[in-house]
Structure formats: C-alpha cells, structure tokens
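Q: just coords:
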C-alpha cells in the first residue's frame, strides 16, 4: 500500500518487527494471540476509538490473516472505515473487505450501500477505491445492487477519465461473473461511442468491455465496427511520437490495436464501402510496417510489432474477401518460417494453416511446401513439428498429394511418439481424399501399417477394407499386395487383420499364380495364427471358412485346423464357438448353401469417413474445419448398392452374412449393410448413386451367425443423449428419462415423488422461448428455504436464460410458479441443470433435473414442394452437414404416431414429396440470435425388419448431428 506522509502506524510497525524477531513458531503464535486479545478488548471496550486507531487495528488483523491465521472479528470495524472521509482509512477498509469478506457474508448489504455512497460522491479517489473493491469481489449480489450505478458512471459526461477506465473494467468483471444481471440495452449507444473518447486509456478499457458485450449480442453492438475502424486507422497511420504516452518501444498503442483487431473479428467485412476501404488501408499499412527496418533491436519492440501484425493477419483470414491481402499475409508469414525465433515460426505455421483453407491464398501457401517439409525434418521443438504436420495436411490437394503423403510417410519412421497417431490419421485421410489411383491408396495404407502399426487405429484398417470392397478395380491388386506384405518375417497384427479379410474375400483373384495358390495363401495366414490376439484369430477362422467356399480343394486341410484341440477346446469361448460352428457348416452344408451363406460382402453405404470423425474427435482444433474447402472436387467412393425391396424366404438362409466379426454375438447388432430400411429403388434421395437390388436377410435372428464388426462405424443404436457439459452432474433418479419425453412435447410432469410434483409448460417463437415450472407441495407441511438454481456451465455462450425469482416457502398443498425466459444464441447440445433445494421437516432435500430446453424447440416448420426439397437436399452434401443413423424401432411403427412425433419435433411433415409413400420427409428452419439454419429430415421405415434409417441435413455444421441424436431415441 502507498505510504502517506505523516500517517505512519508505529504500532503496526512494532508488531511486525516483533513477529519477525520471534525465534520459533510457538513464540509467534503467542505474540499473535496476545495482540488478538488486545485488539478484541479495544473493539469491545473502548467506544472512543478514532479512525486512526481503527485503521491500525484492522491493519494488524489483515497482517495476521495473511500470515495464515483465522480472523473471526473486526469485520464490522472495517465496514465502518468505509464511511471515513480520509483516504488511508477508507483504503484500509476496502482492502480488508476485499481480502476477508466473502460474497455470501451477512455484511455484504452494508458494504454495497457504502460502495453506492462512494460512487455517488464527487471525490474521484473514493470512487476509484469503491470500483476496485467491486472488481475484486465481483459477486452476484454486487452485480444486482450496482447494475445501474456503474454503467451510469461510465457514460456520464462529468466522470473524469481515470474513473471511466476503472468503471469500464469493473463492469467487464461483473459481466463475466453475472452476464444475465447487468441490463446494457439502454447504455448501448453511449458505451459504443467511448471508442471515440479522446483519452486512450478510456478507449483501451472500453474496447475490452465492448468485445465482451459483442460476443453476447453482436447485432446490438454492430455500430462499433465503424468506430473501431476509425480509431484503428488513427493509430496505425500515426507516428510513434504522436502517442508518446501510449507508445511501447516505438509501436503506437499496441495493446489497443490488438483489442480493436480482435473486436472486428466478431463481424463480417463491413458493408459500407467507405468503412471497408478504410479498414483495408489499415491492414495494408500494418503489413507495410512489418517490412520496414526495426526501429529498435530490443525484443520488446519486435514482440509488440509482431503482436499487431499477427492479429491483423487473423482479421484478414477472418474476412476472407480480399485476395491481395490474403496473399500478402501469406508472403509475410512465409518470411517467418525461417526466422531464428521459435515462437515466430510456430505462429507462422499456425496462421498459414488457416490461410490454406481460403480459395484465394491456398496456392500462395503451397509455394512454401519445401520450407514446411524442411521444418518438419529439422525442427527441434516437437510443437513446431506438430504445426508443420498440420500445415502440410491443410495445404494438400490433388496436385501435391502424392508428394506430401510420401514425405509424411518418410518422416513417420522417425517421428516423435506424441504425434504419430495423429500423423497416421492424417496420412490415411489424405490418401483416401485425393486418391486418383486407388492402388496408390492401398500401398499407402499398407505402408502405414508396416511403419507405424501400433498407431494404426481400427478406423484406418476398417476404412481400407471398405474401399477395397466398394471398388472392383482395386480388389485384385489389394489381394496381391497384402499377400506380398504378409510374407515379411515379422508383420504387424493389423497387417494380418487386413490380409485375412481381403484374402478371405478376394483371394481367388490371385489363386491362379502358383506362388499364391490357395494352399500357399492358407499356410501363410495360418503361420501368423499363433502370434495373434484372440480377436484376430477369430477373424482368421472366418477367413478359413471363406476359403472352404472359394477353394474346395483345401477343405480337408482347413477342417483339420478347425478340429484341433487348440481351437475346439480353446479357453476363449468366441474361438471355441466359431471353430465348432464353422466345422459343422463346412461338413453339413451343400456347396450351394455354402456359396449362398459365404457370398462376397456387398458394398458399404457411403458416409463420412470414420477416420476423419476420429481426427476431429481426437484434436478438433488441430486443423480448422475449413480444410474441407476442396471437398466438392474429390470423387466419392462408389455408392453402396442398397435395395429398398425386402424379400425373405424361410427355406434359404440370408444371402449376405458378415463372418468377419471380432466381437460377441448379439441379436440386436445383426444389421447387414445391404439390408434395406425403406424407400424406393427408383429415386435416390441421399445422392448415393443408382441403387441396385439385393436380397436382404430375414428379420429372424436365428439365421444370423455373428456380429458385423463395422456396426459401430455405420450405425448408432444408442439412445442416450449427450451428458451435460461432458460430466456427470449427479441427476436425480429418473430425471434423464423424464427429460427425453419433452423433446417432442411442451407440457407435462417433469418429476414427481412423495413430497413434490414438478410440472412444465413452455412456448417458443423463433429464437425466443418461455418455460413455466410449477412446483407443487404434496405434503401437509410447509416447504421452507425453497430455492432454485440453474447451472448453464458451458452453455452460457449458446443459451441465454433469465430466471425469475420464486418464493422461499411453499405452503402445504399449494403450488408456486416460476418463469424462465430463454434466447437461443447459437446451436447447443447439452441441457442446463436445474437444482432445487428445500427444507422438509428440518431435513435438507435436493433435486437435480435437466431443464427441458433442447435445440429443436427453436425450429419452425417449413413448407416446400418436391423440386425445392430435392434441390436443397442435394445442396447440403458436405459430410459435416449430414448425420445418418440406422436403428431398431423402440415402439410400434404407426404412421400417425410417427407424424405426431415429427410435428412435436417442430418440423413439418411434407406429403407427396418422397416417391415411396411409406417414407417421411420434413423441413424446418432453426432460429438462433445470430443466424437461421435450414433443416431437412428423411425418415425411412422398414416395417418388416422393424428398423429405421434417419437422415438429417442442416446448413450449419454439427446441427444435423445434434438433431439426429435428439430425434433417434423418440423413434
């Protein structure tokens, strides 16, 4: 604390000296207890204590507390110091309160009143002390009590500049802790105009405040764009001598420049041509200054200069509208790629990852390919190498894919273990995405398994099998290549899995060569058998039974293996069961039956690559979503040949059975990729190509043998909703099931037990909604200390909730009502947690429920004709815009019930759109505060198999997945 002339506290200095001179802990405690007894007696007995003495004793208590001792008295004396007119006494009072008085202390109302008195005074020193105390504590009660005083102080013409600075930062602190309490609507215009203030300190503080407000309500504060551009222009065009008080090592106002550039990133490029031109000039000036010789050799100068430069580049990337600026930014970053400073190289690589996603700057980024590859090989810092991998992934396209994939494969052999798994995923994605010749793709994946087999996840080798099965032209090459790979003395188990699957399906394509005859193929695979895990052995056994069908001449050899004690009496139940069943199948079934049962796998349905989904899940921020920029130019794999005609036969087994499963059998999982889920073969709504007719398996579970190992990749039978904020919030029993009932309805009972009944009634209009919650007391006693708290967690930025107060008592047999007003700011997955607490007969009761507000409530139904629907459906073709699930029906497939659920889900039911009258198509518009999102739904029921295929497409990424997960459990 600052020393004040003539106001030293000798008693405090003596006490501190005594403490320091104590020889032991016991002596210190003894001295402190003596002092505490003295202070307590002074506070209790001496009614004539003046301000100086109170200040001195409060200071001693504060010092004792900072030594780690509890203080249980003196708080009232500290509050009394706030009414003093002396700066030092008021300062000590506020200091004590900031440190020792918590947000829930009973004295807080007195403190808030004292703060309000100081804010209303004309003494700027007193006002500043009060504001500092508010900012330090920042409690909800303070926000409620001072929600008018502080904004009024901020925009008042009589307030001096230093106080305005403190008021802006204090208001920012309260907005962060209690965003729903501070009413900013009436102050909007005057707060925005603080950016025009003559005092740079006020502008800097106001910029932080406005940026926070803009994130909550960008539309209301969009007037700040022109003012921010104007202020930024004055800063970047000024000389460092013009703003001497705010120049940092020859860089004018770097902190304010960065804040303004970040503020502008919350909005699209300005629509006003004059403002846009001025902003472009600012950004060009910043890029020009980066090329000028440094005015100082000190690191502070380059740090400040580069901070402004990188934020300007971020704004250029965000605007993504000026090709000249984007290319210039890319060239500037390219100079940093070889800078001696590691941090600059890291930031340059990170920013170029974003530039690579723009159609204007992608080619400019590619010019630095050799430099990035060199960085990947020579950088010492693993985090910089990680960014180099990300940039190579982002800059890859059809012209350089083979070169980049080759370099990444070469580096993979010596790569740091922490980045190997991610590199494997990226190499696999690039190879699939840009493969012109799929023989190259097969080579890449097999090399991946050879080089980094331990890091090749199941999704990678699943995907190569899917592609090989879907492409006739690569099947023979894949069989030949994997056969050669298996001949290595030591090959990874994943290679054995891929080899077993591909040879089991297509080994006949290479059987004509004596070097890869049926017996040689079998012996090669069986030589790996004893080295593999039980799951891989199970797959190999399935390959062997496939060989019985493909190569009858080695049937006896395979039966001998199946009969061996090692398999028939294996401790693993799955292997034992497979051996017995396959032996019986090969012995009893006729050649025709074997050929039917063990028929070649049908093509897989087209969907988003599971590898890409895994990469996004593993590290969602490693590569921006925009790296899918050229997705439309990439040829998709052949569509699955999915029939919509169901045929069954009691006399024949299913025509297509997947015998390559690794897991335990489950009737619920016997879903064949060729099985239909309704629809018409004549029209392909999903854009998967022309379907061809295949025969589906019967719905009876007796014919199915084993589980489809791709089931987890292609279907989702889970009915669980996302957990709130990713953690278990300890919901009351039955709360989750009750919550799901409100996805398709607005009114009903949310919870009921012997004490209370909680009902809900709600209504929605576009992005706004209201929920009334009714709390009924079922007992003959009053419920006391009744309180309700809503925990939004991470939802606070996506969902704005205003909670009206509810009475603290609920009379016996009575009912009270509480209203919640909500606004959907952006899409969200989770639901807020409503915590209800009350006292019943002296016992504390707690109930935790999900407040039934879900994303589909903000959808309004949309009507459209057939041509409009198909046009929009095909336009939403990006993988991130679609979500599809195939699942069993959980309730009777009644047409009227399905329509009612779709209408309850807030989408329309469009009649006569789908050529198959049994299918349902729906449309709607999701309203959020910031934008509107188009929603299209197609539901295809297969009543014979009691299954659905649900497809949701949306014009905003992730929305389709959220809505699909919400609707699926309802069906």
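A: Yes, it's here. As the structure is a computational prediction, the values presented were derived from the model and not from experiment. Numbers count the residues shown, from 1 in each chain.

Q: how about stretch 884-895, which residues are buried there?
A: Using 16 or more other Cβ atoms under 10 Å as the test for burial, stretch 884-895 gives 884-887, 893. Where you see a C-beta, it was placed from the backbone N, CA and C, and this is true even at glycine.

Q: which one of those sits closest to residue 615?
A: Residue 615 has its nearest neighbour among those in residue 884, at 19.4 Å by Cβ to Cβ.

Q: pull the helix or strand with minimum mean pLDDT from the protein.
A: Every helix and strand in the chain was compared by mean pLDDT, DSSP states H and E; the lowest is helix 711-714, with a mean of 33.

Q: beyond that helix, next helix or strand please.
A: helix 735-741 (DSSP states H and E).

Q: so which elements touch that next one?
A: strand 748-752, strand 843-850 (3 or more Cβ pairs under 8 Å, 6 or more residues apart in numbering; DSSP states H and E).

Q: closest one to residue 189 among these?
A: strand 843-850 (38.7 Å).

Q: check which residues of the closest one are buried.
A: 845, 847-850.

Q: before we move on, what about stretch 11-27?
A: Buried, per 16+ other Cβ under 10 Å, within stretch 11-27: 11-12, 15, 19.

Q: now swap in stretch 558-565 and tell me
A: So, applying 16+ other Cβ under 10 Å, buried residues of stretch 558-565: 558-559, 561-562.

Q: which residues of the stretch 151-300 of the chain score low on pLDDT?
A: When residues are selected by pLDDT under 70, those of the stretch 151-300 of the chain lie in 240-242.

Q: where do the helices sit along the stretch 151-300 of the chain?
A: 161-177, 188-192, 200-216, 224-236, 254-264, 273-291, 299-319 (DSSP state H, counting those that start in this stretch).

Q: what do you get for the stretch 401-550 of the chain?
A: Under DSSP H, counting those that start in this stretch, the stretch 401-550 of the chain gives helices at 401-412, 417-433, 438-452, 458-470, 472-486, 493-506, 518-529, 534-550.

Q: export those helices to JSON lines and tack on distance to residue 286, mean neighbour count and mean pLDDT?
A: JSON lines is the format used below for the helices of the stretch 401-550 of the chain (distance: least, Cβ to Cβ, whole Å; neighbours: other Cβ atoms under 10 Å; pLDDT from 0 to 100):
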{"stretch": "helix 401-412", "distance to residue 286": "32", "mean neighbour count": "19", "mean pLDDT": "92"}
{"stretch": "helix 417-433", "distance to residue 286": "33", "mean neighbour count": "22", "mean pLDDT": "89"}
{"stretch": "helix 438-452", "distance to residue 286": "42", "mean neighbour count": "21", "mean pLDDT": "90"}
{"stretch": "helix 458-470", "distance to residue 286": "43", "mean neighbour count": "23", "mean pLDDT": "88"}
{"stretch": "helix 472-486", "distance to residue 286": "51", "mean neighbour count": "19", "mean pLDDT": "91"}
{"stretch": "helix 493-506", "distance to residue 286": "50", "mean neighbour count": "25", "mean pLDDT": "92"}
{"stretch": "helix 518-529", "distance to residue 286": "61", "mean neighbour count": "17", "mean pLDDT": "92"}
{"stretch": "helix 534-550", "distance to residue 286": "58", "mean neighbour count": "23", "mean pLDDT": "92"}
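
Q: rewinding a little: any chance of the helices and strands packed on helix 735-741 in a markdown table, plus mean pLDDT and distance to residue 186?
A: Formatted as a markdown table, these follow (pLDDT from 0 to 100; distance: least, Cβ to Cβ, whole Å):
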| stretch | mean pLDDT | distance to residue 186 |
| --- | --- | --- |
| strand 748-752 | 87 | 36 |
| strand 843-850 | 86 | 34 |
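
Q: the buried residues of stretch 558-565: which two are farthest apart?
A: Across those (Cβ to Cβ), the longest gap, 7.3 Å, separates 559 and 561.

Q: now do the contacts for the nearest residue to residue 171 once chain neighbours are set aside.
A: Closest residue to residue 171 apart from its sequence neighbours, by Cβ to Cβ, 6 or more residues apart in numbering: residue 150 at 5.2 Å. Neighbouring residues of residue 150 by Cβ atoms under 8 Å, 6 or more residues apart in numbering: 119, 131, 134, 167, 170-171, 174.

Q: doesn't residue 150 belong to a helix?
A: Yes. With DSSP: H, G, I helix; E, B strand; the rest coil as the criterion, residue 150 is assigned to a helix.

Q: gap between it and residue 119?
A: With the distance defined as Cβ to Cβ, to the nearest Å, residue 150 ends up 7 Å from residue 119.

Q: ok, residue 734 next?
A: 49 Å.

Q: what about the two, which has more around it?
A: Using other Cβ atoms under 10 Å as the criterion, residue 734 and residue 119 rank with residue 119 on top: 20 against 12.

Q: the more buried one reaches residue 153, doesn't it?
A: Yes. Counting by Cβ atoms under 8 Å, residue 153 is a contact partner of residue 119 at 6.0 Å.

Q: so, low pLDDT: which residues of the protein?
A: Those would be 1-8, 240-242, 606-609, 612, 614, 616-730, if you go by pLDDT under 70 across the chain.

Q: pretty sure residue 855 sits against residue 963.
A: Yes. Between residue 855 and residue 963 there is a contact under Cβ under 8 Å: 6.6 Å.

Q: what's the strand or helix carrying residue 925 packed up against?
A: Taking DSSP H and E as the definition, residue 925 sits inside strand 920-927. In terms of contacts (3+ Cβ pairs under 8 Å, 6+ apart), strand 920-927 is packed against strand 859-861, helix 866-875, helix 895-904, strand 932-942.

Q: list the buried residues for it?
A: 920-927.

Q: and that strand, how far out from the chain middle?
A: Relative to its parent chain, strand 920-927 has a centroid offset of 24 Å by Cα atoms, centre = their mean, to the nearest Å.

Q: give me the angle between that strand and strand 932-942.
A: Here strand 920-927 runs at an angle of 160 degrees relative to strand 932-942 (axes from the mean of the first three to the mean of the last three Cα atoms, to 10 degrees).
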